[in-house]
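Colleague: got a structure for you, letters missing:
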């Protein structure tokens, strides 16, 4: 697997997603970001986890980051997009979304290890939040915009017909239980 997720980034935390505990509000706006910021974030999430754009991770961000509890995070993500773009323009003379995979990875890696800070902006914190939401969006219940066509669930082997969110304790028990695979062939 390409991208930074495939490198086994040591800082990733595999815990129940923070957003998953927030409830299930209805979106109040069509999207969380301006088109330019959304394009930058889409390029970033696709480098963190290739296939994230096709799986609907940007739509997942749009869904959750317009909710009242997460609006402050939306601003931080928009600021993060501008920093990604600024770093790319400064180093490579082009926008982040127009950089090669290697150039994008170099910028994201600098954030991941905490080598980039600006006034009131911590690159490592932004990277961790972006990674968490990318993973959430890839493996979440599709009704929240991500995991389009059950791409994430298919990747980890959740059988068709399971209607529970992957982070739901009852759903996880059903997924992990051998009886949930009754009738499925290897």
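Modeller: Alright, I've got the coordinates. Just so you know, these numbers come straight off a predicted model, no measurement behind them.

Colleague: show me the strands in this protein, by range?
Modeller: Under the criterion DSSP state E, the chain contains strands at 117-118, 121-122.

Colleague: just name the most buried of those.
Modeller: Mean neighbour count (mean count of other CB atoms under 10 Å) peaks for strand 121-122 among these, with a mean of 14. Any C-beta I mention is one placed from the backbone N, CA and C, and that applies to glycine too.

Colleague: burial check on residue 156, number of neighbours?
Modeller: 10 (other CB atoms under 10 Å).

Colleague: just to revisit the earlier point, now render the strands of the chain as CSV, adding distance to residue 62 and mean pLDDT.
Modeller: Supplementary listing: the strands of the chain in CSV, determined by distance: least, CB to CB, whole Å; pLDDT from 0 to 100:
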stretch, distance to residue 62, mean pLDDT
strand 117-118, 25, 88
strand 121-122, 22, 90
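
Colleague: name the nearest residue to residue 79, sequence neighbours excluded.
Modeller: Leaving aside its chain neighbours, residue 79 sits nearest to residue 121 (5.9 Å; criterion: CB to CB, 6 or more residues apart in numbering).

Colleague: tell me the contacts of that neighbour?
Modeller: Contact analysis of residue 121 by CB atoms under 8 Å, 6 or more residues apart in numbering lists 76, 79, 80, 83.

Colleague: show me those that map onto helices.
Modeller: Among these, the members found in helices (DSSP state H) are 76, 79, 80, 83.

Colleague: now the third one. Nearest residue, chain neighbours left out?
Modeller: The spatially closest residue to residue 80, leaving aside those adjacent along the chain, is residue 126, at 4.1 Å (CB to CB, 6+ apart).

Colleague: against residue 37, how distant is the one you found?
Modeller: Noted for residue 126: a distance of 13 Å to residue 37, by CB to CB, to the nearest Å.

Colleague: likewise for residue 108?
Modeller: Residue 108 is 16 Å from residue 37, where distance means CB to CB.
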